[in-house]
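K.L.:
sequence? don't have it. structure:
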């Protein structure tokens with residue numbers, strides 16, 4: 001069956017296209033400008049290569065992307081090596097990239113410039129962040145390969161100062177994994193507390209040889225080191241990222257050792273000069289003293305020197321006894337003071353000073369004024385209570401037209417007419433004066449008294465008999 005007559009499934013057609021593309025379009029070299037660069041969580045890189053008239057989707061799997069020395073970013077001109085395939089899930093043509101090479105500069109140089117810009121933006125190159133080297137380091141740490149010529153060069157210089165101790169942390173300085181070893185050794189040595197500063201470096205070489213000192217992990221370890229760091233990588237013309245982030249950059253490992261030893265030698269030189277100057281001053285003063293002593297020879301003053309020394313000795317002895325004498329004097333003074341204080345307490349108050357009398361008079365006046373004020377307040381309260389009592393008392397009730405009636409011989413007010421028997425004398429107290437009356441007649445109908453046919457004062461029933469009343473003025 002011819003290809004024109006055959007009916008293809010989508011997967012069969014895509015598979016055939018990929019077979020043909022693999023046979024005809026593998027190991028392609030494509031140059032263009034990177035756009036839409038992105039990465040996945042698994043580390044795959046996705047981007048587009050374009051020129052003026054066309055664009056091509058590209059993918060670089062994580063196994064290849066992890067080997068890139070530089071960061072893929074938009075606008076970068078690159079040369080890509082890869083093969084064309086059709087992505088089955090989307091049916092899109094894309095270039096599977098095996099390697100990338102920047103156009104115009106090498107991959108390592110591009111990675112160097114990219115990392116340099118990023119760390120500079122973080123302020124890691126700022127001069128104000130750099131720390132000065134200690135003036136008198138007792139121990140110096142060195143991070144380098146123990147088999148390299150750089151360590152021998154540094155030790156040759158450092159041993160010029162016999163009191164300086166050197167602690168070496170071995171690390172590979174070239175090849176795969178060297179950067180991680182350098183960072184680990186730098187961190188361990190810096191945080192050990194054994195050294196006052198650290199030199200990290202190696203001898204010269206190509207950009208590839210020195211590349212471990214351009215890795216970000218080394219730069220971060222230099223910045224985080226708790227003691228000052230001297231970077232000494234390569235020759236004088238070589239610059240690495242560690243040179244920019246270190247506190248001090250030395251052109252060579254030998255120069256780094258010279259920086260340390262020269263400071264110690266300078267301090268030693270200053271100490272020796274100070275010692276010599278002190279010795280000269282002492283000799284000069286000694287010579288002056290001897291000259292003055294020779295001038296005293298044969299003089300009367302020198303003859304009297306033993307007598308004067310005895311006088312000075314006697315004064316010193318007297319001064320030695322002085323503390324005891326002073327303590328006795330202090331005890332006697334204290335006793336006199338206590339006696340005077342007791343006598344003062346017993347002194348009569350009548351002979352007190354005028355100031356005391358005035359104070360006493362003032363206090364007496366204050367007490368009298370306080371008592372007067374309290375008495376006035378008590379009298380005012382009593383008057384107020386008296387007014388209330390008059391208002392609520394029985395006299396006020398009588399003034400309103402009421403009377404109080406009692407049975408003669410009893411002070412209890414009469415509240416019930418049944419309590420007044422016939423013949424009982426009643427006393428009715430009015431607001432002004434009193435009335436006396438006699439209860440007359442017999443009790444009828446439940447105790448209500450009647451007199452003749454006249455109605456009782458206490459009800460409507462008629463009563464017999466008569467009652468007399470007497471007004472008592």
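P.N.:
Noted; the coordinates are in hand. Predicted model, so just to flag it, every value in this text is computed and none were measured.

K.L.:
is it true that residue 17 touches residue 88?
P.N.:
No: using C-beta atoms under 8 Å, residue 17 makes no contact with residue 88, being 9.7 Å away. In this view, the C-beta of every residue, glycine as well, is placed from N, C-alpha and C.

K.L.:
so between the two, which is more surrounded?
P.N.:
When neighbours are counted by other C-beta atoms under 10 Å, residue 17 and residue 88 differ, and residue 17 comes out ahead with 16 against 13.

K.L.:
please report how far the more buried one lies from residue 93.
P.N.:
9 Å (C-beta to C-beta, to the nearest Å).

K.L.:
anything in contact with each of these two?
P.N.:
Jointly contacting residue 17 and residue 93 under the rule C-beta atoms under 8 Å, 6 or more residues apart in numbering are residue 86.

K.L.:
excluding residues flanking it in the chain, which one is nearest residue 216?
P.N.:
Of all residues beyond its chain neighbours, the one nearest residue 216 is residue 115 (5.9 Å), with distances taken as C-beta to C-beta, 6 or more residues apart in numbering.

K.L.:
so which strand or helix has that neighbour?
P.N.:
helix 107-121 (DSSP states H and E).

K.L.:
who does that helix touch, helix- and strand-wise?
P.N.:
With contacts defined as 3 or more C-beta pairs under 8 Å, 6 or more residues apart in numbering; DSSP states H and E, the packing partners of helix 107-121 are strand 92-102, helix 216-224, helix 241-245.

K.L.:
contacts for it?
P.N.:
For helix 107-121, the external contacting residues (C-beta under 8 Å, 6+ apart) are 68-71, 73, 76, 100-102, 125, 207-208, 211, 214, 216, 219, 241, 244-245.

K.L.:
what's the spacing between it and its chain's center?
P.N.:
Mean-position distance between helix 107-121 and its chain equals 38 Å (C-alpha atoms, centre = their mean, to the nearest Å).

K.L.:
what about the residue nearest to residue 216, how many residues nearby?
P.N.:
Counted by other C-beta under 10 Å, the residues lying close to residue 115 total 19.

K.L.:
outline the domain layout of the chain.
P.N.:
By the record's domain assignment, the chain is partitioned as 10-104, 129-266, 404-472 (automatic domain parsing).

K.L.:
the second one spans what distance, first to last residue?
P.N.:
The straight-line separation of the ends of domain 129-266 (C-alpha to C-alpha, to the nearest Å) is 26 Å.

K.L.:
tell me the mean pLDDT for that domain?
P.N.:
The pLDDT scores in domain 129-266 average 90.

K.L.:
in the stretch 51-200 of the chain, which spans are helices?
P.N.:
The residue ranges that make up the helices of the stretch 51-200 of the chain, judged by DSSP state H, counting those that start in this stretch, are 62-65, 107-121, 149-158, 178-190.

K.L.:
among the ones you listed, which is nearest residue 255?
P.N.:
Proximity to residue 255, assessed across the helices of the stretch 51-200 of the chain by C-beta to C-beta, is greatest for helix 149-158 (9.0 Å).

K.L.:
how about the residue positioned nearest the centre of the chain: what's its closest non-neighbour residue?
P.N.:
Taking C-alpha atoms, centre = their mean, the centroid of the chain lies closest to residue 226, which sits 23.0 Å from it. Counting by C-beta to C-beta, 6+ apart, residue 190 is the residue found nearest to residue 226 once chain neighbours are left out, at 5.4 Å.

K.L.:
contacting residues around that neighbour?
P.N.:
Residue 190 sits next to 141, 198, 224-227, 229 when contact means C-beta under 8 Å, 6+ apart.

K.L.:
show me which of those residues is closest to residue 430.
P.N.:
Taking C-beta to C-beta as the measure, residue 430 sits nearest to residue 226 out of those, at 113.7 Å.

K.L.:
I'd assumed residue 189 was in contact with the closest one.
P.N.:
No: using C-beta under 8 Å, residue 226 is not in contact with residue 189; the gap is 10.3 Å.

K.L.:
now do the shared contacts for those two.
P.N.:
By C-beta under 8 Å, 6+ apart, no residue touches both residue 226 and residue 189.

K.L.:
any weak-confidence spans in the stretch 301-450 of the chain?
P.N.:
301-303, 305, 344-354, 356, 389-393, 398, 441-450 (pLDDT under 70).

K.L.:
which parts of it are strands?
P.N.:
Under the criterion DSSP state E, counting those that start in this stretch, the stretch 301-450 of the chain carries strands at the ranges 404-407, 425-429, 434-438, 442-444, 448-455.

K.L.:
tell me which other helices or strands the first one touches.
P.N.:
It stands for strand 404-407. By contact count (3+ C-beta pairs under 8 Å, 6+ apart), the secondary structure elements abutting strand 404-407 are strand 425-429.

K.L.:
list the buried ones in the strand it packs on?
P.N.:
The neighbour-count check on strand 425-429 (16 or more other C-beta atoms under 10 Å) flags 426-429 as buried.

K.L.:
any idea how far residue 142 is from residue 172?
P.N.:
If you measure residue 142 against residue 172 using C-beta to C-beta, the figure is 14 Å.

K.L.:
around residue 196, how many other residues sit close by?
P.N.:
Residues within reach of residue 196, counting by other C-beta under 10 Å, total 18.

K.L.:
next one: phi and psi at the residue nearest to it when sequence neighbours are not counted?
P.N.:
Sequence neighbours aside, residue 137 is the residue nearest to residue 196 in space, at 3.9 Å (criterion: C-beta to C-beta, 6+ apart). Backbone dihedrals for residue 137, given as degrees, to the nearest 10, come out at phi -70, psi 140.

K.L.:
list the contacts for residue 137?
P.N.:
With contact set as C-beta under 8 Å, 6+ apart, residue 137 has these partners: 164, 195-197, 260, 263-264.

K.L.:
adding distance to residue 34, write these out as TSV.
P.N.:
Below are the contacts of residue 137 laid out as TSV (distance: C-beta to C-beta, whole Å):
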residue	distance to residue 34
164	52
195	45
196	47
197	43
260	46
263	49
264	53
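
K.L.:
wait, what's in contact with residue 261?
P.N.:
Applying C-beta under 8 Å, 6+ apart, we find residue 261 in contact with 157-158, 160-161, 164.

K.L.:
element containing residue 15?
P.N.:
For residue 15, the host element (DSSP H and E) is helix 10-24.

K.L.:
helices or strands next to that helix in the packing?
P.N.:
Packing contacts for helix 10-24, counted by 3+ C-beta pairs under 8 Å, 6+ apart, involve strand 77-87.

K.L.:
show residues contacting the strand it packs on.
P.N.:
Defining contact as C-beta under 8 Å, 6+ apart, one finds that strand 77-87 is touched by 14, 17-18, 21-22, 25-34, 49, 58, 92-104.

K.L.:
hmm, try it at 6 Å
P.N.:
14, 17-18, 21, 25-26, 29-31, 33-34, 93-103 (C-beta atoms under 6 Å, 6 or more residues apart in numbering).

K.L.:
quick one, which of the residues you listed are buried?
P.N.:
Using 16+ other C-beta under 10 Å, the buried ones in the contacts of strand 77-87 are 14, 17-18, 21, 30, 33-34, 94-98, 100, 102.

K.L.:
how about residue 294, phi and psi?
P.N.:
Residue 294 has phi and psi values of phi -70, psi -30 when expressed as degrees, to the nearest 10.
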